[in-house]
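# how would this look folded up:
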Amino acid sequence: MKVTTDFIDKNFSTIHLCFLQTIVFRQSLINKKLGGAIDSCILQIVCWHHLTSLLSDNLKSQTTEYKKTLDYWNNSFGTNFSTKKLTLTLLSDLSAIPLETVRRRVMHLEKKNWVKYTPNTGVIYSPSEKNNNLIVEINNSEKEFQANYLNVYEKSKSHLSQ
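Numbering: from 1, shown residues only. This is a model prediction of the structure:
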């Protein structure tokens, strides 16, 4: 069954409440683990760019199973796989954080061994082992949030087909 806006309309309260809970609980966890809302927002975008680049440029014909993706992730730090670098301006645009704040926070994150930055390469995910372990820990919690959300969706879908 294709999900349509009509399906969402018919199941809005249940699905949207779970969706919002997922976002709020996930963001709260990430903010606490990564040192605040601004740094966590920037790091999420950096991780998104890294994973998107890794998957699109290097795994085109590979499986996207979690374990294999995690192995690629863990062996790819400090490398920019994309021809589209993550600039400070793009980070500012995507996060709605002022450019100068993004610049200062990226410098801070570089000192904390999360990223590397040069104007030529842009911002590249390059965490210490400890920092990356924290991201993997967060990701395991995210999988639980996603499973809960998708279970609510499936329950809504099964009610619709009855």
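# Below-threshold pLDDT in the chain: ranges please.
Low-confidence segments of the chain (pLDDT under 70): 1, 57-64, 78-83, 159-162.
# Helices along the chain, start to end?
With DSSP state H as the definition, the chain shows helices at residue ranges 5-10, 12-34, 37-58, 66-74, 88-95, 99-111, 129-161.
# Deepest-packed of these, please.
Highest mean neighbour count of the helices of the chain: helix 37-58, a mean of 18 (counted as mean count of other Cβ atoms under 10 Å). Heads up, the C-betas are built off the backbone N, CA and C, glycines and all.
# Who are the packing partners of it?
Helices and strands touching helix 37-58, by 3 or more Cβ pairs under 8 Å, 6 or more residues apart in numbering; DSSP states H and E, are helix 12-34, helix 66-74, helix 88-95, helix 99-111, strand 122-125.
# With distance to Ser56 as extra columns, can I get these in JSON lines?
Output for those, formatted as JSON lines (distance: least, Cβ to Cβ, whole Å):
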{"stretch": "helix 12-34", "distance to Ser56": "24"}
{"stretch": "helix 66-74", "distance to Ser56": "12"}
{"stretch": "helix 88-95", "distance to Ser56": "16"}
{"stretch": "helix 99-111", "distance to Ser56": "23"}
{"stretch": "strand 122-125", "distance to Ser56": "15"}
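# Could you point out which of those sits nearest Ser156?
The minimum distance between Ser156 and the helices and strands packed on helix 37-58 falls on helix 12-34, with 5.7 Å, by Cβ to Cβ.
# Nice, that's everything, thank you.
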